[in-house]
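> only geometry, no sequence info:
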């Protein structure tokens, strides 16, 4: 059978900072505009899609991050098995959203690598390569931003005090990983 | 050392820690806290360099970043060497080696000194005037000019130091940690603003911190004592971050500033390892307070550049801060009271002051009384007309000034001295303010330019705002900060200030002498050797604009950017041309304020971080199997896989043959993939591609060509209809991001009514493309239950499949002209899929091939590569791809442009096949194509865009664009090369299998 | 480097954005009906004003939404941003 190979598959520990890749994590891009779309997604996932910019919402199984007025990324709260890439949540949403013409559901599970960062030094690390102002962001649990770190596009979710999930496109993940590890030496 | 000029203990210098360093090969000692300049002065070394043009001996002149003369090389002949460093800013450490520049063989005996004697032959604009004729000689001149230009030597080895960058966001940024900056920092931080205070020097407190003078008191304490307590307090403020040794280099719009934080330069060598040397701070501040202080001006008189002639304020700092006397016989020459402060400081330390020469007719202040009490002679209304002493000043000559200040009268008086302090008043450091776009106004009273209009949320305070007296500084801070920070009160409204004021003023830009200006060397810009005479010559020769005079005379163009000389230059221009200073304006101050190392600018963007790279899921396999890589956009793509010592040519020939005879496999994961969904998806594709999409059946694939509105080919790729309202589009590797951007642009701005959603899935899928006569057999081994029969799964169609439990998509599409299957699978299974294909294909000699073979194979088939065969000047018609342009569709992007008068010309460059007469001759890509070589200039008809030796056809093939090429089939043309002319003829661009037998086999 | 107030995401650094030229140039609904000159007017002609200019920008490294901006090209002051389809807030 096919072997599952992630791009990072590593954990790094620095002073007050730990970084590792969480996988496999189901990720979906859901897109739509209508009120029906929002309520249908909400019912299927049992969460409210956040409509306030730069915020997120979390349910029992998934977390939804606001990306733009008609775009969200939804990711599973728990890792799933790597011997299948069919997800019940995805099929449910395709039935309720794509097939009814309410919006679009796209599987991006491997489009993005999810890195988990914990520790007091997370933002000191980010500030070495990101023009984004994290001063308020780091105080707001649940805050979301799409920005750049070392010229690479990232989505950052402030999951908890001193814990973030960072999403980066898979093809860029090695470079960003390498950069994060290099820069973490000097924080 | 016999010449020890250390006078008294200073609390800023740690006299218990001796530091040994070398200057010009000789070992000296200083103390921890010394700069190279203060340590050299303590050893009575003034002569540290030669001037740029005349090679005149030059000494240390200042105590800060404005230093024009003491520009030295650090750690010569090593990889960490740094040229053009100011000795006044280098903090000494054990093992420091410094050397003087611009002199040979030594600073004491410099051959170039002959230029000083030849100086009448080297007037302003000398280079412009001399090296213009004859023009053909320029290359020879250039060699010599380059040799003599520049000051220090640039390093020749890679820099081993580490640098990095840091973004900083704050509410209030304060630049300058003098008394104004400290007060502002306290007010700001205590009012809950997140505040950052930057100071370029190692210590806070500016000039006030060593001001122990009875005539400058705050709350009945010495101003230094008062400030010390304030500094101790602010160090504990929660909202305040203080960075010393941090110099702001640039102030851009929207309060974006760049600063260089120097972390290790002052540390001993062993502490510099494995840590950041310098850091570039990229600062975004909501509000900026500039408290950069002011720079003392020199006075302009004959031979004002000798070693031992220094700024009066520098002498004071060396005495009060470093505990170093710059001379044993001091004279001060001034037009204001600050030199009196210097005299008092020296006198208090028992250092002899022989006289004060003051151009003012009279002066009444507390300081003057103090000087009189000390018995120091003051020559009022006198000026220095000349100085003596080649390598160190030993005498000055003074004469009485006339009433109008334009001439000198009476008899000469000689005064002995080994150090002359000069003060021509103070110039507010408005550099950063003007960099930010601020506009200045001229203050006639103090002869200074001061901030007038702020372009962003910022404020200048202290002497950089033109407040030159202690009382004014403090009262202005109280008023302006309340307004600026929108607060009710400040911490400093009830301070009791006692300060002596400099009331009498007299300013003469160019001091008169008993000689005519043309016979004098009165230096205005010390680093570039620009004199008052040069400026006057430039004006005589017709230069009027201050920017032109600057370039002609090179005033203000040194590494110090004219920090000392610019105001005097302006003054002389103003006086000479009778234009008011306010009308004259200043030259533009450009970043950086002080020079930055390249390391700081680059940060960690070196080596593997020089540019962003992207990897496919199969990357590690390619590495393991020794692939050579090619950069395609940001992607690292396998280029070819040499076996053993195989050359690139041999590898590509082998791979190309194998792909057509057995099987080949290509990593196509880099192709852009866009998921398109929505009820208007078909209509959307109709509008963005040149061909029609509505009738494409579900499960089928179609090749599409995308144009710009100007009708030129923009991108291409295969799009597959996955279901009624669901497509997946592929784009070129390099074009992916731009195509998605362009499509989003149309959707959001031109066609918001369309129900279409686009999502990039490029990275979600790994794509393995298996081609060749055995491809079907290989795929059937991997996915046994998939019906691969031509009836069920013909060319240009798609099927969903599963490998084990893992869903994937299989497309039967081909870029090589061979029967070919592309398996798209979730990226994390990509490497495993690839290995499975290799295993299944083993019996068929499956051969991995890279981009080079892919290019060759598609060229045999006559398929274009957008960006290689096209260059944004070719329409589909030019590419002979008329078949893909729908005649029926009412509109699509670029359609209207296909029948503009320019795009319907017959003689446009058109894509054709090109064959060489000699089948073994391979043309060079980019080579020109011509018809007639006899008529000069030879008309270029076009050029070669792709060229290969085809192993499958056993001959050279090429594609190229040729004017009117479409109608020139079979015509003979020439490709002229450096050493030969190659005979070619125009051919059909499809060289192999025109009938598509292989595709459908 | 500007600070741009994305109408969707708020204030961000300029490096997250891409400029897209002059705003309010509407693609003709029926390009085939236009003369060469009329088409060229749409295709090539741009104002390039010194002063207040209406521009298109996209938050390319953020929400990927296009929007319009009122910018003074003489001093880079951004006077307003507004969404696609909205009227310019000045004049």
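Perfect, thanks for sending it. All values derive from a computational prediction rather than experimental measurement.
> give me the beta-bridge partners of residue 56?
As the question left the chain open, I've gone with chain A. When bridges are assigned using DSSP bridges, the partners listed for residue A:56 are residue A:65.
> um, chain C though
Beta-bridge pairing of residue C:56 under DSSP bridges involves residue C:68.
> just checking, it touches residue C:46?
No. With contact taken as CB atoms under 8 Å, residue C:56 and residue C:46 are classed as non-touching, separated by 11.4 Å. To be clear about C-beta, it is placed using only N, CA and C from the backbone, and glycine gets the same treatment.
> overlap in contacts of those two?
In terms of CB atoms under 8 Å, 6 or more residues apart in numbering or on different chains, residue C:56 and residue C:46 are both contacted by the residues C:21-22.
> neighbour-wise, which of those two wins?
Comparing residue C:56 with residue C:46 by neighbour count (other CB atoms under 10 Å in any protein chain shown), the higher total belongs to residue C:56, at 19 against 9.
> got a list of what that one touches?
Shown here is residue C:56, whose contacts under the criterion CB under 8 Å, 6+ apart are B:749, C:19-23, C:66-69.
> what strand or helix carries residue 9?
Reading this off chain A. With elements taken from DSSP states H and E, nothing contains residue A:9; it lies in neither a helix nor a strand.
> equivalent analysis for residue B:371, please.
Counting by DSSP H and E, the secondary-structure element that holds residue B:371 is helix B:366-374.
> chain center to that helix, what's the gap?
Remark: helix B:366-374 is offset 51 Å from the chain centroid, using CA atoms, centre = their mean, to the nearest Å.
> so residue B:665 is in contact with residue B:767, correct?
No. Residue B:665 is beyond contact range of residue B:767, at 10.8 Å (criterion: CB under 8 Å).
> hey, where'd the strands end up in chain A?
Listed from the start of the chain, chain A has strands (DSSP state E) covering A:11-14, A:17-22, A:27-32, A:56-58, A:62-68, A:71-76, A:103-107, A:112-118, A:144-149, A:152-160, A:163-169.
> wait, which of those strands is closest to residue C:38?
Smallest distance to residue C:38 across these (CB to CB): 35.2 Å, for strand A:62-68.
> now for the closest one, which elements pack on it?
In this structure, strand A:62-68 packs against strand A:56-58, strand A:71-76, strand A:144-149, strand A:152-160, with contacts taken as 3 or more CB pairs under 8 Å, 6 or more residues apart in numbering or on different chains; DSSP states H and E.
> what's in contact with it?
Residues external to strand A:62-68 that are found in contact with it (CB under 8 Å, 6+ apart): A:29-30, A:45, A:47, A:49-58, A:72-77, A:89, A:144, A:146, A:155, A:157, C:8, C:62-65.
> do stretch A:90-108 and chain C meet?
No. Stretch A:90-108 lies out of reach of chain C by CB under 8 Å from any CB of the partner chain, never closer than 14.5 Å.
> sorry, back to before: any of the contacts of strand A:62-68 buried? List them.
Among the contacts of strand A:62-68, those scoring as buried are A:29-30, A:45, A:47, A:49-50, A:53-57, A:72-76, A:89, A:144, A:146, A:155, A:157, C:8, C:62-65 (criterion: 16 or more other CB atoms under 10 Å in any protein chain shown).
> for residue A:182, see how far away the residue nearest the centre of chain A is.
To find the centre residue of chain A, average its C-alpha atoms and take the closest one (CA atoms, centre = their mean): that gives residue A:167, at 4.6 Å. Computed as CB to CB, to the nearest Å, the residue A:167 to residue A:182 distance reads 20 Å.
> low-confidence ranges in chain C?
C:91 (pLDDT under 70).
> so which bits of it are right by chain B?
Residues of chain C that fall close to chain B, judged by CB under 8 Å from any CB: C:1-3, C:13, C:18, C:20, C:26-27, C:30-32, C:34, C:36, C:39-40, C:43, C:56, C:58, C:60, C:64-66, C:75-76, C:84-85.
> narrow these to those in helices?
When DSSP state H is applied, the residues of chain C next to chain B are split such that C:36, C:39-40, C:43 fall in helices.
> can stretch B:432-439 be said to contact chain C?
Yes. Using CB under 8 Å from any CB, stretch B:432-439 reaches chain C at residue B:437.
> pop the domain breakdown of the chain in here.
Using chain A. Annotated domains of chain A cover A:10-24+A:110-187, A:26-108 [automatic domain parsing].
> other chain: chain B
Each structural domain of chain B that the record assigns through automatic domain parsing is listed here as a residue range: B:1-153, B:162-294+B:428-499, B:302-424, B:905-995.
> pLDDT of the shortest one, averaged?
Confidence over domain B:905-995, taken as the mean pLDDT, stands at 96.
> next one: stretch A:101-113
Averaging the model's pLDDT scores along stretch A:101-113 yields 97.
> how far is that stretch from where the chain is centred?
How far stretch A:101-113 lies from its chain's middle: 12 Å, per CA atoms, centre = their mean.
> tell me which residue in the stretch 301-450 of chain B sits closest to chain C.
Using CB to the nearest CB, the single residue of the stretch 301-450 of chain B nearest to chain C is residue B:437, 6.6 Å away.
> tally of neighbours for that residue?
The local packing count at residue B:437 equals 16, with neighbours defined by other CB under 10 Å.
> same question, the one 3 residues further on
If you count neighbours by other CB under 10 Å, residue B:440 ends up with 20.
> what do you get for residue B:444?
Other residues lying near residue B:444 total 10 when counted by other CB under 10 Å.
> what's in contact with the longest helix belonging to chain A?
Among all segments of chain A classified by DSSP H, the helix with the greatest residue count is helix A:170-184. When contacts are defined by CB under 8 Å, 6+ apart, helix A:170-184 is touched by residues A:7-8, A:10, A:12, A:14, A:17, A:19, A:21, A:110-113, A:115, A:121, A:125, A:128-129, A:149-150, A:152-154, A:168, B:164, B:604, B:608-609, B:612-617, B:619, B:635, B:670, B:762-764, B:827.
> filter those down to the buried ones.
With neighbours counted by 16+ other CB under 10 Å, these contain buried members at A:7-8, A:14, A:17, A:19, A:21, A:110-113, A:115, A:121, A:125, A:128-129, A:149-150, A:152-154, A:168, B:164, B:604, B:609, B:612-617, B:619, B:635, B:670, B:762-764, B:827.
> near chain C, from the residues you listed?
Restricting those to those touching chain C (CB under 8 Å from any CB) yields residue A:153.
> and the residue lying closest to residue B:552 once chain neighbours are set aside, what does it touch?
Ranked by CB to CB, 6 or more residues apart in numbering or on different chains and with sequence neighbours excluded, the top spatial neighbour of residue B:552 is residue B:538, at 4.7 Å. Neighbour list for residue B:538: B:124-125, B:548-549, B:552-553 [criterion: CB under 8 Å, 6+ apart].
> what helix or strand is residue B:637 on?
Under the assignment given by DSSP H and E, the secondary-structure element containing residue B:637 is strand B:635-640.
> so what touches the next helix or strand after that strand?
Stepping forward along the backbone from strand B:635-640, the first helix or strand reached (DSSP H and E) is helix B:648-661. Residues external to helix B:648-661 that are found in contact with it (CB under 8 Å, 6+ apart): B:628, B:639-643, B:646, B:664, B:771-773, B:816, B:818, B:845-850, B:852-853, B:856-857, B:949-952, B:998.
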